[in-house]
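J.: how would this look folded up:
(2 chains)
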Amino acid sequence: MPWFRKDLISTEELSPEEIQTVFKTTAAFKKILNRKTAKTPSLRGKTVVNLFFENSTRTRVAFEMAATKLSADVMSLDMKTSSTSKGETLRDTVENIHALAADMIVIRHSAPGSAAYISKVLDIPVLNAGDGAHEHPTQALLDCYTLQEKFGSLKGLKIAILGDILYSRVARSNLWAMIKLGAEVTLVGPATLVPREFEQFGATVSHDLKSALADKDAVMLLRIQHERQNASAFPSITEYTRMFGLNKTRLSWLKENAVIMHPGPINRGVEIDSELADSPQSVILEQVTNGLATRMACLYLCSGGKAEALTGSQ
Amino acid sequence: MSQVTWIKGSRVIDPKSERDEISDIFISNGKIIDRPTRETLAKADTIDATGLVASPGLVDLHVHFRVPGETHKETIFSGTRSAAAGGFTSVVCMPNTSPPADTAGTIQYIKDAVDRESIVHVFPTACITVGSEGKRLAPTGSLRDAGAIAISDGGKCLQNSGLMRRAVEYANMFNMPVIDHCEDYSLSANGVMNEGLVSTKLGLRGSPTEAEDIMVSRDVLMSAKTGAHIHIQHVSSKNAIYIIRRAKSRGVNISAEATPHHMCFSEDEVSEFNTNFKMNPPLRSEEDRLAILEGLEDGTIDCIASGHAPHTDYEKDVEFDYAPDGVIGLETALSATLNQLYHSKRLDLPRTLSLLTYQPAQIFNLNKGTLEIGADADVTLFDPECEWTPQSNSFQSKSSNSPWINRTLKGKVIQTFVSGKLVFDKGNILSS
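T.: Just a heads-up that it's a prediction; the model follows:
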């Protein structure tokens, strides 16, 4: 199925076919990345601007690297220290950057809806690299791609997402994508961080770790987001680890070949025992690697590139 | 006898006197008069109002005119023209100005601006606490003497219940109603929309209805204890309506208003992050919306108030989290109310109009909202069937932050008379 979107704002709006188009393109780029000269001219002459209004290492570097591998010119702006602190509105900021001949914009912002907002302001492609607790579509796409690589398909796969769901854009984007691809998703964590409302969207909500992990093919751990919590949603980090941290015993509750995922950054000894993060069941670094090819695919598709052209050129 | 205005052949509805007939209205010296002599009528200015409804000029207990201090959003000049265009002839303006209206001098400043610029009747309110900071009482008696008709902390809610108790006891001594925006901040916790399915999906911080319900309960208890009149603004939650219904059945001196936007829209409208659907209290669930309509039907909610809250386009054209709360409503309130209550066949026209005229006037003892002989000749003529679609350039208000832009409404104000003077005529403000 062809890709007609200028922007990538959410997984919620994507069809299963569109997600497969991203996967197909990701696979093609993954092959290119394994070549000796791991670079394509797909975005030569274009300028990709990364606007990061919030901290990020992994996502920002992955987008920078992806744009570089596509031969685009890329610049990353740390917006926390920029014109917004002088009172400029987001509209004015992005219109100025557009006027400076940016061809594509990647944005991370603390306000939900901000990527959708600027995609309406600008006629150039806008890629959402995380808007508050709303969505982080490229993260979900790379996570699902990783699962599809491991298991062949997400259809019928049983996945637990464990941790701070309420404040997590990763959980939301993954929930929509995984359900579209036919997986069964259980959201698990403390009652204060896993609202029952998610059941209305097709997820199972659980606060009991043992039953939630039983028979799962994969568990995705989420970091406890101190910066997004208005009030303490649980008594202490220590208590969280005791109740919901993944350790060896709890790992055994999952299926034998189950995989451990984490979008990073991981807090060793908090949501996951340090040794599990490095265990053979962990695919955490594969996620990161797939993140590069996924972002290349998303930049390529939103700039008007065709998945077929890429596979044909090999 | 001086010159008479003769409004001929409209359906005259005066909810207070239960008048509803095809008839005439006669105006002289700014007052409604009885049918004059044949000779006087021969010289009268006649207005053919056949096919229109003549209502008492509408009364709005909740507007923000931004004077002093935020005149880029609205002024007394533009705000009262917006009122006239919407058929409102009497408005009560809130004290959350800059500076807040917490001194007699600021009330006098507002009254001076009204004298200079207003084309409708404006009734100012004053702060409950100094600066609306919720720390110590503003000089309620002096504010009353300066012309404030009630006290309110504007868009803020006094969190300290001990101070609230003293405020209502003290104000009650002067027969001053206390107006409350009910919100427990520890529960609303900087929420930007209703806590529910939509906030869960969008990742926006949610404010639960309990933030409202708990403060409504508090106010019911304070009113029951002291006998003071507390007016609950913009009721939006089903449980709050239930609490008010129970309180009223026990005779507690409490009154309540609902806004057209809470009557018309639910939280689903926020899905596209449109900031013209951001207000406080937020749009709630469909269940809450239906409870508001029921509350208006059975009299639990006493009146409709626009909550007219102007903000400029550049203030609203930002990320949803950062947009200011509130929408304008004066020019769409009648149409929206007709759509939700009358055209939907929930209420007949007289009962619908009573929610916009006599009932709100009675809450604050304003001598308004009726067409009885001797009353101020504030009259609104409207066509209940005329359809129109508001655009961002449709408004007399200085701002255009309306959730009704591009939504077709049925019912349109044709003419507005204030004290016998025609101030709005078929889309145009008549400047004096």
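
J.: how about the nearest residue to the residue of the stretch 301-432 of chain B found nearest chain A, chain neighbours excluded?
T.: In the stretch 301-432 of chain B, the residue found nearest to chain A is B:E319; the distance is 3.6 Å by CB to the nearest CB. (Glycine included, C-beta is placed from N, CA and C.) Once flanking residues are discounted, B:E319 sits nearest to A:A111: 3.6 Å by CB to CB, 6 or more residues apart in numbering or on different chains.

J.: Could you check the pLDDT of the one you found?
T.: With respect to pLDDT, A:A111 scores 95.

J.: Now whichever strand or helix holds A:L292 - C-alpha only, PDB.
T.: Using DSSP states H and E, A:L292 sits in helix A:284-302. Provided in PDB are the C-alpha atoms of helix A:284-302 (Å, rounded to 0.1, in the frame of the first residue of the first chain):
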ATOM      1  CA  ILE A 284      16.800  -3.300  24.100                       C
ATOM      2  CA  LEU A 285      19.800  -2.600  21.900                       C
ATOM      3  CA  GLU A 286      18.100  -4.200  18.800                       C
ATOM      4  CA  GLN A 287      15.300  -1.700  19.400                       C
ATOM      5  CA  VAL A 288      17.900   1.100  19.200                       C
ATOM      6  CA  THR A 289      19.400  -0.200  16.000                       C
ATOM      7  CA  ASN A 290      16.000  -0.700  14.400                       C
ATOM      8  CA  GLY A 291      15.200   2.800  15.500                       C
ATOM      9  CA  LEU A 292      17.700   4.100  13.000                       C
ATOM     10  CA  ALA A 293      16.300   2.200  10.000                       C
ATOM     11  CA  THR A 294      12.700   3.100  11.200                       C
ATOM     12  CA  ARG A 295      13.400   6.800  11.300                       C
ATOM     13  CA  MET A 296      15.100   6.600   7.900                       C
ATOM     14  CA  ALA A 297      11.900   4.900   6.600                       C
ATOM     15  CA  CYS A 298       9.700   7.600   8.100                       C
ATOM     16  CA  LEU A 299      11.700  10.500   6.800                       C
ATOM     17  CA  TYR A 300      11.900   8.900   3.400                       C
ATOM     18  CA  LEU A 301       8.200   8.100   3.200                       C
ATOM     19  CA  CYS A 302       7.000  11.500   4.400                       C
END
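
J.: next one: that helix to chain centre, how far?
T.: When C-alpha coordinates are averaged (CA atoms, centre = their mean, to the nearest Å), helix A:284-302 and its chain have centres 10 Å apart.

J.: For the host helix or strand of B:G105, what is the distance to the chain centroid?
T.: Taking DSSP H and E as the definition, B:G105 sits inside helix B:104-117. The chain centre lies 20 Å from the centre of helix B:104-117; the measure is CA atoms, centre = their mean.

J.: and if you look at stretch A:197-210?
T.: 20 Å.

J.: So which residues of the stretch 151-300 of chain A form helices?
T.: For the stretch 151-300 of chain A, helices defined by DSSP state H, counting those that start in this stretch occupy the ranges A:169-180, A:209-213, A:237-244, A:248-251, A:274-277, A:284-302.

J.: Could you say which one of the ones you listed comes nearest to A:L100?
T.: A:L100 lies closest, by CB to CB, to one member of the helices of the stretch 151-300 of chain A: helix A:284-302, at 18.8 Å.

J.: helices and strands around the closest one, which ones?
T.: helix A:16-33, helix A:58-69, strand A:126-131, helix A:137-151, strand A:259-261 (3 or more CB pairs under 8 Å, 6 or more residues apart in numbering or on different chains; DSSP states H and E).

J.: Just name the most buried of these.
T.: strand A:126-131 (a mean of 28; mean count of other CB atoms under 10 Å in any protein chain shown).

J.: and it, what's its mean pLDDT?
T.: pLDDT averaged over strand A:126-131 gives 98.

J.: Stretch A:58-67 too?
T.: Stretch A:58-67 comes out at a mean pLDDT of 95.

J.: Up against chain A, what does the stretch 201-350 of chain B have?
T.: B:201-205, B:272-273, B:314, B:317-322 (CB under 8 Å from any CB of the partner chain).

J.: in the helix holding A:L292, what's buried?
T.: Using 16 or more other CB atoms under 10 Å in any protein chain shown as the test for burial, helix A:284-302 gives A:284, A:286-288, A:290-302.

J.: The residue nearest to B:E319 contacts B:A323, correct?
T.: No. Counting by CB atoms under 8 Å, B:A323 is not a contact partner of A:A111; they are 9.7 Å apart.
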